[in-house]
Structure formats: C-alpha cells, structure tokens
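S.K.: could you look at this predicted model? Sequence included:
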Amino acid sequence: MSQNDVPPSIPANGPTSTANGTGAGPDPSHSSSTGGTQFPPLPDAPPSHHVGAGWSAAHPIPTVQGYKAAKERHQKEADEYASIVAKRAQEAEDRQRAAEAKDDEEAPEGDTGKVVGDEKNAAKANQDKSTEPSAGRGANEKSRLMEQMNANKLKPTERLEKMPKGERRVRDPTTGGEIIVKDAHPKDFDPTRPAYQGSNILYHAFPPPAPPSATALRTKLRSLQYGVAASMFFVWLSVAFGSGLGKLIWRTVLCSTVGFALMTVLSIVERGFEKEVERVRHDMGRQRGEAFSPPTPESVEWLNGLIKLVWGLVDPSLFISVADMVEDILQQSLPGFVDAVRITDLGQGVNPLRVTSIRALPDQPGDANYPKTGWIDEGNDFIKSKDTSGNEITEEQAGDYYNFEVAFSYAALPGQGAHLRAKNIHLLIEFFIGMYDWLHIPIPIWIQVEQIFGVVRLRIQFIPEPPYVRNLTFALCGVPAVEVSAIPMSKHLPNVLDLPFISSFVKMGIAAGTAELAVPKSMTLNIQEMLSGAAVGDTRAIGVFLITIHHCEGLSAQDNNGLSDPYVVLAYAKFGKPLYSTRIILADLNPVFEETAVLLVTMDEVRAKEDLSAMLWDSDKMSADDLVGRVQIPVAELMQEPNKMIKREDHLMGFEDSNDMPGKLVWSVGYFGKAPLLKELERGPTVEEAKDAPTPPKSPPEMEMLPHDKAPNPAKKDLPPAPPDVQKTKPDPQWPSGVLSIILHQVNNLERQDLKGASGDREGEAGQDTDEPSEQSDNLPSGYGEFIVNDDLVYKTRVKQYTTNPYFEAGTEVFVRDWENTVVRVVIRDSRLREADPILGIVSVRLSEVFAEASSVTQSYAIVEGIGFGKANISFAFRGVKTTLPPNLRGWDTGTLEIGDARIDIDPKNTSLFEPRPLRLRVVSSESTEVMPKKEADVNGNTISWQMDMLRLPVYARYQSSIVFEVGKVGGPLALAGVSNKPEAIAVLWMQDLTDDIEQEVKLPVLVGKDLATLRLNAINDQTAKYHDFTVVGTLTAKIKLDSGLDEDHEKLRLSQSRRHAFEAYDHIEGEAEVAAKQAHFADDGVIDKQEQKEIDKAHKRQLESRGRGPAQIKAYRTVKWMNKGLKDRLPGNKPKTREPSIQTEA
C-alpha cells in the first residue's frame, strides 16, 4: 500500500499488513531515537520498460537461475524488514506501558468512573464496527482478539516468528510511494484471511470455504497411506524370514514394490482430490457471482461478465509475444540433458481470468500535489518528448491520471476430461532430449494452468483526444502465484502422471518472467499507438553524445617501472557496461589519444539520472587491470547545452567521490539531439492513398451554403500542418549522420534446402519437395539473426529452436556516420552443434534505397544466397542528429589500405641525426606487416625513395588504428646475434585522417627519439611534444587510398568468430561474384596455366561448401572441418592480434 494509506499507529502485535501490499503496515517514514529501528531509504523505481523494446544488454533475458538469486535477495530484505518491525513494535509496547503506569500514578481517584466509561464507549464502538459485513469475519474475530491480548506476553523472538513471512518494502512505480509487498501465495486468498477489501464490497468469502467432509476425506486418505505402509511392514515380517537368503531378498523386493505402488496410487488420488476440491471451490465462487450479480452489489462482477464475453473472442495470436517470452526464459535455463525447448501451441481456452476486487489508490484528481511530476516525463522537466518536426509534445502532460489496484485470480475448471482441459489456459511444450547432439528426441508435454493469484497496480493517463487513453503503466505487487500441471505425450491422455520436475521448471520460468514486471519494476503500454496501428516509426535514442578523448596529464604510476599502460573506457555509471574503449598506450603517464566516440542517449538514461563516466585503467598482462582514475558527469548537465562541443579539463577521482587521484583528463563532450524531418520532403499520397483518404467533414454553416455563397470565416479551418510522417518523409540530407534502428520481427516459412539424392525408381517422381514447411519435419532449422552494418557485426539475436516461423521481435540501434553510404546485411543462420553455423539466407540493403521516400520502413524481404528459404519481416528507421562530421569521419570502420610509392625528404639540418642512405621500410598495421628491403631503396641527395607495387593492408577499427612506417633498423636486445628489430625513425599515419575511396598524397613527419615504441602509439601534436622527447628530421610522402569494406585480403587474417561471420556474409553477397569476374579473364591470353586452374578449382570447391553441397552434405565431413578449425584457432600464435569489439546480444 502507499505510504499515504499507512495507519498512524502500530498494533501491539506488529503490523496488520496483508499480502501483496493491500493491507496496513508501519509508516516507512517513521523514525525512532533508538538505533536499528529506522527503515533505510528506498531508491527510486527503475525506468518503466516499454512494450516492444525487446531484450538487450540493459534488459537481458531473465532466467530461472537469476530469479532464484533474486528470491534469496528478497528474503534477506524481508527478514530485515520483519526485524525492524518487531523492534519498533516492542518499543511501542514499552512506551505504552510506561504511559499507562504514569497515568495510573497521576489519575485522581474520582476520575476512575469516567475512564471506565470511556473504555466501555470505545469497546462498544469497536463492537459496532466489527459487525460491518466483510468476507471472513465472524469465527476468526475471537482468535484475532485473543492474539492481540496475548501479544504483550510474547518474547521478541516469538513475536518475530509470528510476523508475516516474506513481506518487504519497495518503491511503487505507479504512485511513487513506499508499499509493503510479498510474492503471492494461494493462502493469501483464503477466506479466513480477508486480504482484499477494496472500494467494492465483498459480502461472500472468496473462494467459498472447503466443506469439512473434504478435509476429513483427505485425512482418511493420508491415514490409509500410513496404514498401507504399516500393513506391508507386518506382512514382510511375517513371510520374509526362515526360508533362506534368496527368498528373503525376493520377498523384501516384492513387499517393497507392492507397498510403494499402493502408496503412490493413494498419493496420486489424494493430490488429484485436493486439486479437484480447489477447482470446485473457485467454480462455486464463479457460479455464485454469475448467478447473483444483479441483486448482489459486488462491483467487479459486471467486469468479470465482460471479460468472459471477450475472452473467447480474442485471437490466440495476440499471445505470441507472451509465449515467446516464456520460451526464451526456459531456453536460457535448460538443464544440461535437454538441448532445446519449443512452445508449439498456446490457447487461452474459454475459462477467463477473474477480478476479485478493485480499489482506488491515493493521488486521484483533486488530491494535493496531483499529478506527481514523476508521472510526467518521469520527473525530467527539462527533457520533453518531441514530434518528428522537432516540436515539443505538450499533450504528453495533458489529461488526468487514474491509479487503482486489481486483485485477480484464475482456477481451472473442475473435471479431468480432454474436452474440459482444452477450455483452460494451456500450452503444448516440446522438450528436445539430446545425447551430444547425435539425436534429438522431442517429448511433447501438455501444460495446463491450474491456478493464478496476483495483484497488479495500474496508472492510466486519460487525454482529451481519441482514443482518450495514452499510456497504461502497470506493476505486479509481488510475483503472482502460479500452479501448473504437466501431462506427458498427449493432451488426450488421462492425468495419471503430473510430472513434478517439468511442472516446477515451467512454473519457475513463468515466475522469472513475471518478476520482471513486479515492483519496483513496471511496464508501460502506449495504448494510443496500439489502437491507431502505428508501425515502428522512430528511434528510441533521443540523441547522441559526441566525445573526443584528447589527452591525459600527470597520471599515477601503477607498474613497477614507474609508468602505466593507460586506456580510457566510456560508460554510463549505473549501467556499468563498457560502451567504448580507447587503444592502450604503453609506458606513458601523459598519453595523447585524440580518439572520437559516439554514445547513444535514450530516455532510459535521462529517467535513471545516469552519469557519463570516463574511467582510466592501467592494462596488465598477468593480473586484473588497475583503476587510474575516473570522471563522472550527470547526463542532465551535459544535455543543458545541446548541439555544440564543449572542451573540459576534469581532475581524476577514485571509486569514492572524495578520493582524489593524481592526473587530469582533457576531453570534449557534446550532446546532439535528433534533427527534425522537413515537411517539404514528405511525398504526396499515392493514387490508392488518395482514394482511401476520408473527405474532410463540413461544418453546419458550410452544409447550408449555396454554391455562390461566401464562407463565413474560412481562416478558422486553417489549422497548423501535421508533423511530417516518418513513413512518407525521407531523411534530411543536411544531417547524414544519425541513429539507425534495425528490428527483426519474424521469419516466415524458414526451412533448409533438402537436396538429398533420391534412391530407387526415380522415374516420374518430383525432383524436390514443394510442400509448405511443417513443424513436424525432421529438417527443422534453429534460426538466429545477425546484423552487419558496413561489414561490422553489431548485433546477434537469440536462437529460436526447431521452428519454421521463428518470432524474434529483436533489434538494436547503432550510430551510422553517413546513411547514404551505409550497407546493412541481416543474416539468418542455422545454429548447430559440432559444426559451423551455415547461412540460411541474407537480406542485403543499401540505406540510400531503403530511405528513398521514408525515414521508417517495415517490409518483408526474401532471404537469399544461403542454404535455406524464407521471408524476413524487418523494420528500418533512421533519424539524423544535428551535427555534420567532416568527410574523413564519415567513412567505414573496416577497409583495405592501398599504398603506392613512398619517399622521405630529410631536412638538411638533421642529417647528423638521420643520414640519407639505403634503408629498409616496414609498413606495419595492427593486423599485418609489409616489408620493402633496403636494396629496393633509391637515394638521391637527401631523398630516399622506394618503388613498389601497390601494397594492400586489410584493416579493422580504422578510427582508432594507425599505420606505422618504420625506417631502418638499429641494434636491439639481440644485436650481438645479428638480429636488429628497432627502427631508426618512424612516421605514423592515423587512419581517421583519411577519406574513404579517394586517393590522397599524405605528408607525415619522420620522427627520431629514444622511446619510439611509446611514441608510435600517441597522436603527434603539440601536446605530445610537451612530454615526449622526439625530433622531426624530415617528411614522408606517399600516395594512399582507403577502400571501404571487406575484400579477399581480409580472409588471410586470423579472424575471430564474429569477423569470420561478417566475412562469410560479404563473400556470399559480393566476394564470390568478384572472384568469378576476376577468373573470367584468365583465358584472355588464350591459355589457363596451372596456377590459374588451381585457383578456379579452389573457388568452385569453396562455393559448393558454402552452400552445403559436395562433401559438405555429409555431417561427418562438416564436423571434422569444424574440429580442424577449432584446433587451429587454439594453437599458440593463431589468436587475432587485435581485441574484437563486443557484439550486442539479447541473451
């Protein structure tokens, strides 16, 4: 309950709080002078999760294991709460006894009669109050009064034992107050505990009490079990001995088996009888409510009648998202011997949920401080929602809010026939039992929901425009109680075996899912958008942070050599997950980074009052990295000056704000919001749209006008134009950089190609199967999706096991530097064990074509260039941000660097430091190295030049990588052995300075110095010269071109799995075609030599294997190839040289 509802006093026996926050509890704001009796402050409720947001790193798929850990944490909170309440109750009793003793000493003798009279009047008032109608009062009133009278005689430990178990304090996300909740339990709805007395009146106990005869019968069944056990024991004593050891063992086994079988049968009968009694009790309550609803003033029965009418008319496909959530949770929580789980059927039946009570909550219209600021924009007054034209949406704050609490229940219909079970809520789940992936045995389990009990709090926003409702926010008060039964193999079998392990596992999965909706968490539905049928139209990100890490000064030494190996990590402080990491600069206390990063900003960060955190770490090889210092700035502060970069110098602090650390960070931060769409870029309606558009209604004066009459006031109809429609307005070319949203909704009719050879007589037979894919096929794929943006894998969905219609509803948002030059590939793969995941199909699109007429597109695309078929339903949306990056920062992060002839012009003043002579030239990237020997160097005066063919260096992460030109070599540690590996001079090219696909002549300073190993990692500018000892001896000039995207040169690198998957997608779409076009010219000279024929055969074999043909049709061949690849990857020296960026995923 809200703290506004908490009674001002605490009864002597502790709080009278009831389950799920509907009863009274102690005032959380009460403070005591005695230590240990004050309630700790509660944190704010987390931001509400919005429907359709999907799983992400910030909102991962819940698991049963995670739910169990949360239950343990909640139990600790409940124990702490009960302990404080018991102490406070004891203090209240002590104060009351002290006050009574003081009153007895001070009261005059003549006032005794008056005191007695007052007590009698109070007792009479309480007696009159107790006669008010309420469910469950009567016989239990006496026991409740007796407990209250004897409360003062209890010891503190005994009082703690009698406290309600499992109750804890949480923040209610609907009202913003503090409430006392506990996870629901069927006993909370027992008629002896009238927990739910809301604004409606319950004249009858809910559910009706069980008849005493049922209790007696259960007792007899349990006694019969004990009697059977005792009888079999005496039978065994009578016949087991005296006939030899063999007969003793035989008769012991026989008696044990018979006894166990009889007790099992009786136990099954008892459990079935208990379930049937519960069903009958709830059915009696249901029938009573339906039969006497008009004369009986129970305010929820009219609503139950409406729910029953609508329940059977609802399309079961609306519950696909619920089944998908339960399936994801079960899949993430499977035990080792179960390979996969799949929900193949979900039905709501005709037996609906029932509302047991409704009550209004505080903070209604007319109350003080209504509406609370936390309900409007989550309390962030300075951040307003905006429409597509960039105007603030004032309607978000319009209307009224209504808060209420609903207690609901569900019970399966009595009876066990197949026709009755189909009327209840049910699921058909298939568990795939596997043995090292060599076989998959599907075991269908019929899951029937037996009981549901719970309480939910809701806040509805009413608005003056149709449909008159905008946002619905709801939060469960504790995890609802759910009981299910699991019947193996078929729904038509009798319920003779309720599998406890399966039912418990499913029940825990449902509990883990509902726990994500329990206070203090909540969920918000935009009813207005749902009823209007609005498609995915806008991005969740409201803008971006553009951050440039310039340099650091005066860092503390973390290593034994008196230096550190620093790098910077950017993150949101509360979320904690690293979102960007700079390169590591070795052995430097004054590193110069000059790296630029982009972080997306959503309303979640604003509502959570996040801080932008920049953390400096010292990289260590053999131990965990050490914190050098950190800087934290509130997101709200950075957003107060939008659309401009602000340079900052912040001193470092430790983990605690008061713990200062040496050094400072110099960086630039700017918040850039989404750019509005332009109305002039909105396309006109098509012919079909114009026909379907409704004719504007005429006003009454216009309807009475004659053809030549003058309009009374035509200006009154000139309303402001509607904001641009994202589905009809293309992005503004002025803002090429922005936020791209990709959502994979579903893949329809997904199947593998079946190209097995036909055996026997093939005459007249169809060559291939043309039937629709079946869920019962043996060739079912386990599909998942990968999103590749500009040849970089950025997102991976969860695996949907063994289904031809995987429902994902998964997506991500990424920053793209130039949408007109961006290529997106959505790859659908088949998840397999002990072999590489093959590509079922690819959707490859250019954003310039997708957004030619709209900023948001939802379309069905055929997947191609794989071993499968299907159509993927995908949504793309783009919104530009108000910043224009320079051309060199609008390229791809992956590419190939082409380097032509190079020369070094040495300054005549520095020939003593660097003498012109033939020298070796090494071109080093983070991925590969090319060497030009000194015999190919040509010296002309003070110029050294190298004539070379075009060098091609494949690169990844080009915006934080460099190309180092190493000139010459001097004695290193192995110089005595004739090995020299240190360069005499270096020139460093940072690839962020290059513009894609343009040949440029670059001039780089040639540097000499004592510590070139550290210098090569720093950006070279005035700040570098301030703390690093080096001399510029000349200039290196070279012709360089950066080709964007992957090519065949990247295949030579040691790739990690994500980069290998990105290359395979490129190879299927572009690579194989480019190789074929290249090999088509092999015969131009009239002959194909041996090397060319070898390349042709290699390319042909590779194409066959990539499409599952040739030897790749055999599973053993695919497994051996997968094992061979795994062994090579684990050999020393075969790991990728650079750290791969983490891939976003749902799981």
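M.R.: Here it is on my side, so go on.
S.K.: mind listing what's buried in the helix or strand hosting A340?
M.R.: Per DSSP states H and E: A340 is located in strand 338-347. Neighbour-count burial for strand 338-347 flags 338-346 (criterion: 16 or more other Cβ atoms under 10 Å). Every C-beta, even on glycine, is put in place using the N, C-alpha and C of the backbone.
S.K.: can you put the residues you listed in a markdown table and add distance to V455 and pLDDT?
M.R.: Output for the buried residues of strand 338-347, formatted as a markdown table (distance: Cβ to Cβ, whole Å; pLDDT from 0 to 100):
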| residue | distance to V455 | pLDDT |
| --- | --- | --- |
| V338 | 33 | 78 |
| D339 | 38 | 76 |
| A340 | 35 | 79 |
| V341 | 30 | 83 |
| R342 | 32 | 81 |
| I343 | 27 | 81 |
| T344 | 32 | 75 |
| D345 | 29 | 74 |
| L346 | 24 | 78 |
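S.K.: quick check: mean pLDDT of the helix or strand harbouring K220?
M.R.: According to DSSP H and E, K220 maps onto helix 212-239. Mean pLDDT, helix 212-239: 82.
S.K.: by contact count, what packs against that helix?
M.R.: In terms of contacts (3 or more Cβ pairs under 8 Å, 6 or more residues apart in numbering; DSSP states H and E), helix 212-239 is packed against helix 245-291.
S.K.: and the buried residues of strand 338-347, which is closest to K1128?
M.R.: Comparing the buried residues of strand 338-347 against K1128 with Cβ to Cβ places D339 closest, at 27.1 Å.
S.K.: correct me if wrong: that closest one contacts F432.
M.R.: Yes: under the criterion of Cβ atoms under 8 Å, D339 lies in contact with F432, with a separation of 4.7 Å.
S.K.: in a helix, V1120, correct?
M.R.: Yes: counting by DSSP: H, G, I helix; E, B strand; the rest coil, V1120 falls inside a helix.
S.K.: one step back: show me which pair in the buried residues of strand 338-347 is furthest apart.
M.R.: Applying Cβ to Cβ across the buried residues of strand 338-347, the maximum distance is between D339 and L346, 21.5 Å.
S.K.: can you lay out the buried residues of strand 338-347 as TSV showing distance to L1015?
M.R.: Shown next, in TSV, are those (distance: Cβ to Cβ, whole Å):
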residue	distance to L1015
V338	56
D339	54
A340	54
V341	56
R342	58
I343	60
T344	63
D345	66
L346	64
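S.K.: ok, so of the residues you listed, who is nearest D103?
M.R.: Of all the buried residues of strand 338-347, D103 sits closest to L346, with 65.7 Å by Cβ to Cβ.
S.K.: where does this structure have its least confident helix or strand?
M.R.: When the helices and strands of the chain are scored by mean pLDDT, DSSP states H and E, helix 112-130 comes last with a mean of 41.
S.K.: where does the stretch 501-650 of the chain have low pLDDT?
M.R.: 530-537 (pLDDT under 70).
S.K.: going along the chain, name the strands of it.
M.R.: Ranges of strands in the stretch 501-650 of the chain, per DSSP state E, counting those that start in this stretch, are 523-526, 541-553, 566-572, 580-581, 592-602, 611-618, 626-634, 646-653.
S.K.: isn't Y1117 right up against P1111?
M.R.: Yes: Y1117 is within contact range of P1111, at 4.7 Å (criterion: Cβ under 8 Å).
S.K.: got the end-to-end distance for stretch 1065-1078?
M.R.: Using Cα to Cα, to the nearest Å, the end-to-end distance of stretch 1065-1078 comes to 19 Å.
S.K.: what comes up buried for it?
M.R.: Applying 16+ other Cβ under 10 Å to stretch 1065-1078 flags 1065-1072, 1075 as buried.
S.K.: count of residues packed around V350?
M.R.: Per other Cβ atoms under 10 Å, the neighbour tally for V350 reads 12.
S.K.: so for it, what pLDDT did the model give?
M.R.: For V350, pLDDT reads 83.
S.K.: for it, helix, strand, or coil?
M.R.: coil.
S.K.: would you list the phi and psi of it?
M.R.: Main-chain dihedrals, V350, degrees, to the nearest 10: phi -120, psi 0.
S.K.: quick one: contacts for it?
M.R.: If you count contacts by Cβ atoms under 8 Å, 6 or more residues apart in numbering, V350 has them with 311-312, 423.
S.K.: ok, V479 next?
M.R.: So V479 contacts 183-184, 454, 511, 514-515, 518 (Cβ under 8 Å, 6+ apart).
S.K.: quick one: strands adjacent to the longest strand seen in the chain?
M.R.: Longest among the strand segments of the chain by residue count, using DSSP state E, is strand 440-462. Take DSSP bridges as the rule and strand 440-462 pairs in its sheet with strand 400-411 (antiparallel), strand 426-434 (antiparallel), strand 469-476 (antiparallel), strand 481-488 (antiparallel).
S.K.: please save the CA atoms from that strand in PDB.
M.R.: Extracted in PDB, the C-alpha atoms of strand 440-462 (Å, rounded to 0.1, in the frame of the first residue of the first chain):
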ATOM      1  CA  HIS A 440      17.100 -35.100 -30.800                       C
ATOM      2  CA  ILE A 441      14.000 -36.800 -29.200                       C
ATOM      3  CA  PRO A 442      11.000 -34.500 -29.000                       C
ATOM      4  CA  ILE A 443       8.900 -35.100 -25.900                       C
ATOM      5  CA  PRO A 444       5.600 -33.200 -26.100                       C
ATOM      6  CA  ILE A 445       4.300 -32.000 -22.700                       C
ATOM      7  CA  TRP A 446       0.700 -30.700 -22.200                       C
ATOM      8  CA  ILE A 447       1.000 -27.800 -19.700                       C
ATOM      9  CA  GLN A 448      -2.300 -26.800 -18.000                       C
ATOM     10  CA  VAL A 449      -2.500 -23.700 -15.800                       C
ATOM     11  CA  GLU A 450      -4.300 -24.700 -12.600                       C
ATOM     12  CA  GLN A 451      -4.300 -21.600 -10.600                       C
ATOM     13  CA  ILE A 452      -3.200 -18.000 -10.700                       C
ATOM     14  CA  PHE A 453      -3.300 -15.400  -7.900                       C
ATOM     15  CA  GLY A 454      -1.900 -11.900  -8.000                       C
ATOM     16  CA  VAL A 455      -2.300  -8.200  -7.500                       C
ATOM     17  CA  VAL A 456      -1.500  -5.500 -10.000                       C
ATOM     18  CA  ARG A 457      -1.300  -1.700  -9.700                       C
ATOM     19  CA  LEU A 458      -2.200   0.400 -12.700                       C
ATOM     20  CA  ARG A 459      -1.900   4.000 -13.700                       C
ATOM     21  CA  ILE A 460      -3.900   5.200 -16.800                       C
ATOM     22  CA  GLN A 461      -3.400   8.500 -18.500                       C
ATOM     23  CA  PHE A 462      -6.600   9.900 -20.000                       C
END
